[in-house]
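>>> Predicted model, plus sequence, below.
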Amino acid sequence: MVETLRNLKMYLPFINLIFKDFLLFKPTVFASVPRIYNKLYEGITTKTNALTGTAKKVSDMAVKAKLYWLKNGTYYTHKLWDKLVFNKVKQLFGGYVYLLIIGKMHGNCCCSNIRRSN
């Protein structure tokens, strides 16, 4: 029964409800259209831009380091950055996602970098 409910919720057009469902269902694999990832990216950048002081500096350093290693073709795990910054993004998906699949990637290049960094 839970499996059926989860599949039904994924097809609803209410994007904001989908992130609440992640906390309930804790998916391990998530396939979606770019609209969902763009919504997530907008939320992350809004919260990041609202930071000030040390939190802003730490966040900027973590993103800069992660993007540097992604551009060099290496998957890089940093214990401090992942714990302080990137695990918060992972928790938006319920905390257990290890694979994000996107259908027909277009649009924001930064969105694809965020998707690849988790």
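Cool, the structure landed.
>>> Which parts of the chain are helices?
2-10, 15-25, 34-50, 53-71, 79-81, 87-92, 109-117 (DSSP state H).
>>> Could I get the average pLDDT for the second one?
Across helix 15-25, the average pLDDT comes to 77.
>>> What of stretch 83-92?
85.
>>> Return the set of buried residues in that stretch.
Using 16 or more other Cβ atoms under 10 Å as the test for burial, stretch 83-92 gives Val85, Phe86, Val89. Glycine gets a C-beta too; all of them are placed from N, C-alpha and C.
>>> start to end distance for that stretch?
Length of stretch 83-92, first residue to last, Cα to Cα, to the nearest Å: 14 Å.
>>> Residue ranges in this structure under the pLDDT threshold?
For the chain, the stretches flagged by pLDDT under 70 are 1-14, 105-118.
>>> Can you tell me how far the most centrally placed residue in the chain is from Thr54?
Nearest to the mean C-alpha position of the chain, by Cα atoms, centre = their mean, lies Val89 at 4.9 Å. To Thr54, Val89 is 19 Å away according to Cβ to Cβ, to the nearest Å.
>>> Report how many residues lie close to the closest residue to His78 other than its chain neighbours.
Distances taken as Cβ to Cβ, 6 or more residues apart in numbering put Ala65 closest to His78, at 6.4 Å, once the chain neighbours are dropped. Ala65: 15 surrounding residues under other Cβ atoms under 10 Å.
>>> thinking Ala65 is in contact with Thr77, fair?
No - judged on Cβ atoms under 8 Å, Ala65 makes no contact with Thr77 at a distance of 11.0 Å.
>>> before we move on, back to that, could you check the distance from the residue nearest to the centre of the chain over to Trp81?
Counting by Cβ to Cβ, the gap from Val89 to Trp81 is 11 Å.
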